[in-house]
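Trainee: kindly generate the corresponding structure for this input.
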Amino acid sequence: MGTTGTPDAPDASRTGAPAAGRDAGGGVGDCAPRPDGVLKVTGAFAYSSDLWHEDMLWGRTLRSPHPHARIRSVDVSAALAVPGVHAVLTHADLPAETHYGLEFRDQPVLAEDVVRHQGEPVALVAADHPETARRAAGRIRVEYAELPPVTDEASATAPGAPVLHPRRTDHRAAHVPHPNIVHRQPVRRGDVAAARQRAAAVVTGEYEVGMQDQAFLGPESGLAVPAEDGGVDLYVATQWLHVDRAQLAPVLGLPQERVRLTLSGVGGAFGAREDLSMQAHACLLALRTGRPVKMVYDRYESFFGHVHRHPARLRYEHGATRDGRLLYVAARIVLDGGAYASSSPAVVGNAASLGVGPYEVENVDVEALALYTNNPPCGAMRGFGAVQACFAYESQMDRLAERLGMDPVELRRRNAMTQGSVMPTGQVVDSPAPVAELLRRVRERPLPPERAWQTGPGTADVRLLPGGPSNATRGEDVVRGVGYAVGIKNVGFSEGFDDYSTARVRLEAVGGEPVASVHTAMAEVGQGGVTVQAQIARTELGVARVVVRPADTRVGSAGSTSASRQTYMTGGAVRNACRAVREEVLRIGRGRFGADHPAWGADGLRLEGGKVVSRDGEVLAPLADVLGEEAVELELEFRHRPTEPFDPATGQGSGHVQYSFAAHRAVVEVDTGLGLVKVVELACAQDVGKAVNPSAVVGQIQGGTVQGLGLAVMEEILVDSSGAVRNPSFTDYLIPTFPDTPAIPVDYLELADEHAPYGLRGVGEAPTLSSTPAVVAAIRAATGRALTRVPVRPEHLTGT
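Mentor: Next up is the predicted model:
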């Protein structure tokens, strides 16, 4: 049960555990069980990689081994000669549009004359067995002429640098100083130069964030089935069905209504499934062969088949008064977008607009930009530009506190924004912003016991020590550290995007019992949105039985499962559709029973327990009797409040619809001799507005926290100076597993946002921001080292 009240006078209750005794059936506010939960933990859930068709072929992609090269020739004759091969496609075989992309079409379906990153698709094979397809792809002969790689800002913007997209025509090209800059967004407010003259303390720092992978466990996969109408049905794991279709239809040369998508089981996403991967390739092979085609990436290919988190270099300068009041912040944030734009423009907008953090600062000069390079493409990942900035500005707050001789939490609380604060973009924060309260809560939580690993004189439980069961230490050089951080994240799509979701709700009597069905195109990627839809329908329609239909493009768009938006947006659409259905049911009831019972004409009628109930609790009629043989079905859209683009010169504008806040306290133990880190506890406090499903809220906060922990101490895609990936496997790309995951106590507040459905606030991303800098701050406290780069490696701690 989270706390309720105002930021200034919170309730004393402070536990993030789901309330005991709540109805497991589940309306809004209940800990409703997940319908897919048991299936997933027992291994019975059907993922997209489990799809099967009795007549299907297997697709395979041939990818470039070079980060930057010109294609001189492609010879597919040897591949076509392999028995069992049904088709081999190259760029020359594409039937219509040859490029696609989320924000603008800059990414080729198959490379034509140039490859711009290692792993770029060059050719496709369809065969009757996956091993046959693999061997045939290996027989395709491609002659390359390697080109000098562009891998950083210096090589991307130097005089005479290769222009990676010379035919660029997107609308953002006019606002950037070099064609290898995807997008640039300044945010300027006040007078930084004048404020700098008044500052009693100034700290500057340069920071670096490595390239993080989403590391979902279910690889890219899907099944494309050619249809009798000349179209195609695609069953796929994705985050955004309708945008996939909008990109696919021009590539296939088909109208959108003949490209039908159905969501298959998704094994995690975290942003990496917003872009197309195998969708176009499977559909092209299916339409060419007239046979269903299945494609499943292995883990190696998956690392090249989706976007990653933007690596970043950030330079910050903070100035403050002697008593710790922030006077100004100046920053420059450079994000590596890789070979194609993907969602880099929106990531830049987030990094710029949120780059100062959840603090009141009157004078701001921030510049954020994303580059085109020959490194792997980068795009959406949980936190979306705010993660990189949070590591830098929270590191700066610790340095400023040290310079002033202040407690780092007190410095943050002194500058914390509240409801009514003004963002650097000029937007007023018009809902609760309990930043100081979140910090207070994590700070006041009791610390875990020290030296818990010590089992007796000279003995230790090595599982609780840095290095764990590897028995690297017995505690000789182990030092504890504690660190804090807080972050701010936007919720929903921003900068004037027409963000909406659609829901179709049906209510009918089946076997004498009212049954509701909900149909949306929301992608369930593991976040629990299917559960939330059913909870809302139970609450609004007063029924026990709810069926959530499979997500597909036969209903209007639900937008992407990203930006912490689906409970807000699709939940809002389901609520609106349910309320419209309820009003229609009451209209039917008044027509059938109103003449005999005057209470039908009163206000305040509701649906509850499968019945129509008056304001006074009198049962007027069972729902099944009201409906009879009639079914009520309505489809409605939900839109949040409008936003506006940021000014391209000043960054001013009300660009975001909602803000989300989370704070962390990290407790670590570091073996200073070996450079090993054990995160003992990672406590989080977060305002969630309204916990629609408390157990799911806690799970989302803990999951985001672990992903931030991974970035802090282990997760990084290593790219060499040529743009080649050195560790495309889970053997060499490390992610936190059970032994690495500490206790994560969660304390959530429920301070309603009056503009949002049920007062809720997007939950999933905010904890990913502050967990990373909190862990690094704790390591700094233990070691005394500056630590300006994540992930922190052992050599950063030992100096070797």
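Trainee: any idea how far the residue nearest to residue 477 when sequence neighbours are not counted is from residue 714?
Mentor: Nearest non-adjacent residue to residue 477, counting by C-beta to C-beta, 6 or more residues apart in numbering: residue 673, 3.9 Å away. Heads up, the C-betas are built off the backbone N, CA and C, glycines and all. Using C-beta to C-beta, to the nearest Å, residue 673 is found at 19 Å from residue 714.
Trainee: between these two, point out the one with more neighbours.
Mentor: Remark: of residue 673 and residue 714, residue 714 carries more neighbours, 17 against 14, as counted by other C-beta atoms under 10 Å.
Trainee: ok, the more buried one to residue 704 distance?
Mentor: 16 Å.
Trainee: now do residue 600
Mentor: 48 Å.
Trainee: out of those two, which sits in the more crowded spot?
Mentor: Using other C-beta under 10 Å, the more surrounded residue of residue 600 and residue 704 is residue 704, with 28 against 19.
Trainee: the more buried one is in contact with residue 765, isn't it?
Mentor: Yes: the criterion here is C-beta atoms under 8 Å, and residue 704 meets it with residue 765 at 6.4 Å.
Trainee: and for these two, which residues touch both?
Mentor: Counting by C-beta atoms under 8 Å, 6 or more residues apart in numbering, the shared contacts of residue 704 and residue 765 are residue 382.
Trainee: quick one: contacts for the closest residue to residue 210 other than its chain neighbours?
Mentor: What sits nearest to residue 210 in space, not counting adjacent residues and going by C-beta to C-beta, 6+ apart, is residue 716, at 3.7 Å. Under the criterion of C-beta under 8 Å, 6+ apart, the contact list for residue 716 reads 210, 211, 212, 733, 791.
Trainee: measure residue 716 to residue 324 for me?
Mentor: Shown here: residue 716 relative to residue 324, a distance of 34 Å by C-beta to C-beta.
Trainee: now residue 309
Mentor: 32 Å.
Trainee: looking at the two, which one has more neighbours?
Mentor: A count of neighbours by other C-beta under 10 Å puts residue 309 above the other of residue 309 and residue 324, at 32 against 22.
Trainee: hmm, the more buried one is touching residue 391, no?
Mentor: No: shown here, residue 309 and residue 391 do not form a contact pair, counting by C-beta under 8 Å, at 11.6 Å.
Trainee: list residues touching both of the two?
Mentor: With C-beta under 8 Å, 6+ apart as the test, residue 309 and residue 391 both reach residue 209.
Trainee: can you list the weak-confidence ranges in the stretch 151-300 of the chain?
Mentor: Across the stretch 151-300 of the chain, nothing is flagged by pLDDT under 70.
Trainee: strands of that one, start to end?
Mentor: Assigned by DSSP state E, counting those that start in this stretch, the strands in the stretch 151-300 of the chain fall at 181-189, 201-209, 221-226, 232-236, 259-263, 293-296.
Trainee: nearest to residue 74, of these?
Mentor: Of all these, strand 293-296 sits nearest to residue 74, with 20.0 Å by C-beta to C-beta.
Trainee: in which helix or strand would I find the closest residue in space to residue 186 that isn't next to it in sequence?
Mentor: Closest residue in space to residue 186, ignoring its immediate chain neighbours: residue 367 at 4.9 Å, by C-beta to C-beta, 6+ apart. Taking DSSP states H and E as the definition, one finds residue 367 inside strand 363-371.
Trainee: what pairs with that strand, parallel or antiparallel?
Mentor: Partner strands and pairing direction for strand 363-371 (DSSP bridges) are strand 181-189 (antiparallel), strand 326-336 (parallel).
Trainee: out of those strands, flag the one nearest residue 681.
Mentor: strand 326-336 (29.1 Å).
Trainee: and the contacts of the helix or strand following that closest one?
Mentor: Later in the chain than strand 326-336, the nearest helix or strand by DSSP H and E is helix 344-353. If you take C-beta under 8 Å, 6+ apart as the criterion, helix 344-353 is touched by 103, 172, 182-187, 310, 312, 333, 335, 337, 366-370, 378-380, 384-386, 388-389, 423-425, 490, 493-495, 646, 651, 655-656.
Trainee: now helix 344-353: mean pLDDT?
Mentor: Confidence over helix 344-353 (mean pLDDT, whole number) is 98.
Trainee: so it versus strand 326-336, what angle?
Mentor: For helix 344-353 against strand 326-336, the angle by axes from the mean of the first three to the mean of the last three C-alpha atoms, to 10 degrees is 160 degrees.
Trainee: distance between helix 344-353 and the chain's centre?
Mentor: 14 Å (C-alpha atoms, centre = their mean, to the nearest Å).
Trainee: what do you get for stretch 460-480?
Mentor: So, by C-alpha atoms, centre = their mean, the centroid of stretch 460-480 is 34 Å from its chain's centroid.
Trainee: now that stretch: average pLDDT?
Mentor: On average, stretch 460-480 scores 88.
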